[in-house]
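1. What would the 3D arrangement of this be:
(chains A and B)
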Amino acid sequence: DVKVTQSSRYLVKRTGEKVFLECVQDMDHENMFWYRQDPGLGLRLIYFSYDVKMKEKGDIPEGYSVSREKKERFSLILESASTNQTSMYLCAIQGSGKNIQYFGAGTRLSVL
Amino acid sequence: AQSVTQLGSHVSVSEGALVLLRCNYSSSVPPYLFWYVQYPNQGLQLLLKYTTGATLVKGINGFEAEFKKSETSFHLTKPSAHMSDAAEYFCAVSPASGGSYIPTFGRGTSLIVHP
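-> Purely as a prediction, here's the structure:
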């Protein structure tokens, strides 16, 4: 079974805090993704990574950064959280040359 | 460039009735097509996919979808809805060639099943 683990299911943070969302995989897949999911908007890609220390912007990178120091771990960072970043965040992995994505259970972040 | 349109943000059916969730796509290259399902408080999981070959594909839990190139559609169906089918369903498209396999997702359709 593919395992994609997101460190927190629920988080409550205050405006201006630095927030770290962690994602760990056990499949040795090269590609890792961060999405945010909002009602009526579906999944929107924030950042993705093809390899260690490599990152690419997705469709909505503003206000976010990422880190991939090890192949199995991909972190999403909110440098200064704002209320409009309240959302569900989903991590996904994808094998190189493959098409199927495998998702973590998600982190529901509330910024107050 | 690629995009996905899911018609209807909510679909309501009675238990035992036919389920039909609509998905239309646009793609500048031949596409791979997917349906994912998201149960409450969970991540997405693959329901079924079309890559090549037979245009009618079967997935888990009795769902199937048909790729119709002329209509640029990939509608999801199930003959008889069950209460456990209540979930959010996402259609996705990715290029079959060109190097990038990053999917584009539709906005999702919430399936409501009434007893």
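2. What are the buried residues along the helix or strand hosting residue A:32?
-> Using DSSP states H and E, residue A:32 falls within strand A:31-38. Using 16 or more other CB atoms under 10 Å in any protein chain shown as the test for burial, strand A:31-38 gives A:31, A:32, A:33, A:34, A:35, A:36, A:37. Backbone N, C-alpha and C define where each C-beta goes, glycine included.
3. cool, stretch A:80-97 as well?
-> So for stretch A:80-97, counting by 16+ other CB under 10 Å, buried means A:81, A:85, A:86, A:87, A:88, A:89, A:90, A:91, A:92, A:93, A:94, A:95.
4. near chain B too, which of those?
-> Filtering those for proximity to chain B by CB under 8 Å from any CB of the partner chain leaves A:90, A:92, A:94.
5. list the contacts for whatever residue of chain A ends up closest to chain B?
-> Residue nearest to chain B within chain A: residue A:103 (3.4 Å; CB to the nearest CB). Counting by CB atoms under 8 Å, 6 or more residues apart in numbering or on different chains, residue A:103 makes contact with A:4, A:90, A:91, A:92, B:36, B:43, B:44, B:45.
6. In the host helix or strand of residue B:113, which residues are buried?
-> If you go by DSSP H and E, residue B:113 is part of strand B:109-114. Residues of strand B:109-114 classed as buried: B:109, B:110, B:111, B:113 (neighbour count, 16+ other CB under 10 Å).
7. Check which strands are paired with it and give the direction for each one.
-> strand B:10-14 (parallel), strand B:87-95 (antiparallel) (DSSP bridges).
8. Next to chain A, which bits of chain B? Give me the list.
-> Close to chain A, as judged by CB under 8 Å from any CB, chain B has residues B:9, B:32, B:34, B:36, B:41-46, B:49, B:51, B:90, B:94, B:101-103, B:105-108.
9. try 7 Å this time
-> B:9, B:32, B:42-46, B:49, B:51, B:90, B:94, B:101-103, B:105-108 (CB under 7 Å from any CB of the partner chain).
10. quick one on the thing from earlier: so which of the contacts of residue A:103 belong to strands?
-> Under the assignment DSSP state E, the contacts of residue A:103 contribute A:4, A:90, A:91, A:92, B:36, B:44, B:45 to strands.
11. In chain B, what residue lies closest to chain A?
-> For chain B, CB to the nearest CB, closest residue to chain A: residue B:43, 3.4 Å.
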